[in-house]
Each structure stands twice: as C-alpha cells, then as structure tokens.
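# Got a sequence here, can you model it:
(chains A, B, C and D)
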There are 2 protein chains.
Amino acid sequence: MHVSPNVETRPFRKLCADHGLAATHQRQVLYEVMQTMPGHPSPEEVYARVKKRIPAISLATVYKNIHLFVERGVLKEVSMHHGSLRVELNSHLHHHMVCSHCKAITDIEEKDLGVLPTLQRLPGGFQVERYAIDVIGICAACQKAKRG
Amino acid sequence: MHVSPNVETRPFRKLCADHGLAATHQRQVLYEVMQTMPGHPSPEEVYARVKKRIPAISLATVYKNIHLFVERGVLKEVSMHHGSLRVELNSHLHHHMVCSHCKAITDIEEKDLGVLPTLQRLPGGFQVERYAIDVIGICAACQKAKRG
DNA sequence: TTGACGAACAATAATAATTATCGTTTACTA
DNA sequence: TAGTAAACGATAATTATTATTGTTCGTCAA
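Numbers count the residues shown, from 1 in each chain, chains lettered A, B, ... in the order given. Here you go, the predicted structure:
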C-alpha cells in the first residue's frame, strides 16, 4: 500500500535533523501540541494534551523529550532555577547570574549590570513591586572545564 | 533562678513584632542561621544547620517559617517560579511578569520594559548568553480581588 | 526493501520536594 | 498566672521528577 507523505511532517523532520534528534511520532505530537500552547505549560499540562492524541504515551517520555528539546534549544526554560525553593535575606538590591551548565547562582550588584529598565506603567495594569534579573550564561569554572 | 535577658534577642523580638509574628525560639534560630548563610540556601540546607542548634526541630517547621518569612517580607524568594518545570517555544525576545499573589506568568515584550542592561563584561569572567527579566508585582485581577 | 543496532518508548519503581494532619506545647493577652 | 490561639513535632500524604528495565522503533548500510 502506498501512503502519500504528510506535508506537515517535513518541517518537523527538518527541525529534528537540524537538532540531531530522531523524528519520532511522540516527539512530533509533543512539538505540535506545544505550538498550540502559547503560555508556559508544565510537563503535566503538556502530557495531558499529548495523551489525547497518543493515549499510550508515558509521562516519562514527555519529561525526557522536554529536557532534550531544552538541551537542543528547541524549547526554553522559563526559569533557570526551579527545582527547590531558594531564599535569601531581603537585604540590598542585587540580581543573579545563573550558570546554564552547573546551575550555580551568584549575586551581582545592580550597578554592575549597566542601565536598568525604568519603572513605568506596564501592559494590563500590572502593579510593579520589583525586578528580578537573571543573567544566564556560563560561569568561569564551566568555561574552563569545557576547554580543559 | 534569675536569668539575665539575652541582649541578642531584642532585635529579633522587634523584627517579629514589626512583622506580626510570634517570637519563638525556632524562628529566632532559623533567622540567625540564615544570617550566617549569605548565599541562596534551600530549605534542606537551612534545616541541616538549624538542627545543630535545635536537634528536635521538624523539617515542616522550617518550611512553614520560611514561607511565613517570605510572606512577611523578611526573606525573599530567589525565583518566583520554581516548583515545577515551565517551558516555552524558543521564539522571539520577551520577558515575564509574575504575580506575587497568584503566581501567574504573563509575557512582556522587551520593548515594553524600557531601557535594558547593556551587555558588558561581568564579574568573575561570566560569559553571558542572555537575560531573563521577571517583573514581580500584582496582576490586575489580584488588585481587583484585594480591593473588592 | 531488509536486517542489525542503538536510540526511544511504556510501564513502573524509586527518589526528592513539599504540604497536610493531628495531638501536644508554647507564646501572647487579659 | 490562666485561657486561647498559634506554633510545634511527628509523620502521612502528595506532587514532581528521575531511574530502571524489557520491548519497540528509526536509521543506515547492503
């Protein structure tokens, strides 16, 4: 039996090839579902949607592929430091540098960041309390390790 | 038996009074321990330290009081959206508004933020990949609910 | 196309992080 | 100092995530 190729699959196969990923059915549905979820879905939410199209899919598959997509730059983490609650004494004004490799968090003075956003009226009448800026990149130690 | 009052307790009792908290021994030790931890400790790390001074303390007490301290402004959360992994399609440049009340996350265009930090050499040879800015405040719905 | 091989999958057990419950103890107020 | 609500400790329960394992599937060479 001959089946005509699904034109919709080609961009996805290309995207996988470009990122060094095997183009599996599960990944394609996961990706297509995410395109219909413009917000910031959790793995559980994605799983619930994907399950409608692939009832047999495993939650672990969703987790693994989300991580893989993030690793390859197809998806982006909204927060670099979820995982466990981190707190600090509410002292002077500073922000954070987060290493995307080892996840280490370092303080950075606001003045070392350069010009900052000016407080202003934001869309939707959002009432601003403060800014929290994460500078995401590679810390010195990880740079060294990668070169080494 | 007469015991002279510990001078160190007074600032803490004042701090509690100022924030409407009962000044318990556990809270005092928790607070003092956090003063000796300048980084971004997790609840488990704080618990381990506090346990050295109050071996009978419960982990749940540490969690409850950390949350209470955050709620009252004594401590600050390093990330407003830890908890569960959140991802988004790696599309155009934007940042996030996070409601400190309901935790809702909304996108905001970079241009709507005003002037941004200029990329520059950062302390410790940190190699910058990108910025992630959270504008923390109260969303319109929560403002309404509080007034209502 | 076909067959081998490694990657990906589903199922599920295990772990980590956090919250809820409940009986007891403690701090604050009159 | 006694009454009362809040806080505490112990621990069960829940939620989020990761690891394991046996099976299936996608890719590439013949």
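
# What parts of chain A come near DNA strand D?
A:13, A:16, A:22-25, A:42-44, A:59-60, A:63, A:67, A:82 (CB under 7 Å from any atom of the strand). Where C-beta positions appear, they are placed from N, C-alpha and C, glycine not excepted.

# and if we set it to 6 Å?
Within reach of DNA strand D by CB under 6 Å from any atom of the strand, chain A has these residues: A:22, A:23, A:24, A:25, A:42, A:43, A:44, A:59, A:60, A:63, A:82.

# now the closest residue to DNA strand D within chain A, what's its secondary structure?
Going by CB to the nearest atom of the strand, DNA strand D is nearest to residue A:60 of chain A, at 3.4 Å. Under DSSP: H, G, I helix; E, B strand; the rest coil, residue A:60 falls in the helix class.

# Same check on residue A:129?
Reduced to three states by three-state DSSP, residue A:129 is strand.

# Quick check: beta-bridge partners of the residue nearest the centre of chain A?
Centroid check for chain A by CA atoms, centre = their mean gives residue A:77 as the closest residue, at 1.8 Å. For residue A:77, the beta-bridge partners are residue B:87 (DSSP bridges).

# pretty sure it contacts residue B:82?
No: counting by CB atoms under 8 Å, residue A:77 stays clear of residue B:82, with 11.3 Å between them.

# Tell me the gap between stretch A:69-86 and the middle of its chain.
Chain-centre distance of stretch A:69-86: 4 Å, with CA atoms, centre = their mean, to the nearest Å.

# Just the CA coordinates for it, please, in CSV.
Extracted in CSV, the C-alpha atoms of stretch A:69-86 (Å, rounded to 0.1, in the frame of the first residue of the first chain):
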residue,chain,number,x,y,z
PHE,A,69,14.3,19.9,23.5
VAL,A,70,15.6,22.4,26.0
GLU,A,71,19.1,20.9,25.7
ARG,A,72,19.0,21.3,22.0
GLY,A,73,17.5,24.8,22.0
VAL,A,74,14.0,23.9,20.6
LEU,A,75,12.4,24.9,23.9
LYS,A,76,13.5,27.4,26.6
GLU,A,77,13.1,27.1,30.3
VAL,A,78,11.1,29.9,31.8
SER,A,79,13.1,29.7,35.0
MET,A,80,16.7,28.6,35.3
HIS,A,81,16.2,27.8,39.0
HIS,A,82,13.0,25.9,39.7
GLY,A,83,13.6,22.6,41.4
SER,A,84,13.8,23.6,45.0
LEU,A,85,12.8,26.7,46.9
ARG,A,86,15.7,29.1,47.3
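
# for the host helix or strand of residue A:107, packing partners?
Residue A:107 belongs to strand A:105-109 when elements are defined using DSSP states H and E. Judged by 3 or more CB pairs under 8 Å, 6 or more residues apart in numbering or on different chains; DSSP states H and E, strand A:105-109 is in contact with strand A:94-99.

# Give me the mean pLDDT for stretch A:96-106.
Stretch A:96-106 shows a mean pLDDT of 88.

# what do you get for stretch A:15-30?
For stretch A:15-30, mean pLDDT rounds to 94.

# Between the two ends of it, what distance do you get?
Start-to-end span of stretch A:15-30 (CA to CA, to the nearest Å) is 13 Å.

# anything in it near DNA strand C?
Yes: using CB under 6 Å from any atom of the strand as the criterion, contacts between stretch A:15-30 and DNA strand C involve A:21, A:22, A:24, A:26, A:27.

# In strands, which of these appear?
Applying DSSP state E to the residues of stretch A:15-30 next to DNA strand C, no entry is found in strands.

# since we're on the nearest residue to residue A:98 once chain neighbours are set aside, how many residues are nearby?
Counting by CB to CB, 6 or more residues apart in numbering or on different chains, the nearest residue to residue A:98 once its immediate chain neighbours are dropped is residue A:80, at 4.2 Å. Counted by other CB atoms under 10 Å in any protein chain shown, the residues lying close to residue A:80 total 20.

# quick check: domain ranges of chain A?
As assigned by automatic domain parsing, chain A contains the domains A:9-72, A:84-117+A:127-148.

# other SSEs contacting the helix or strand where residue A:137 lies?
Per DSSP H and E: residue A:137 is located in strand A:127-138. Applying 3+ CB pairs under 8 Å, 6+ apart, we find strand A:127-138 packed against strand A:94-99, strand B:127-138.

# deepest of the ones you listed, which one?
Stretch with highest mean neighbour count among those: strand A:94-99 (a mean of 21; mean count of other CB atoms under 10 Å in any protein chain shown).
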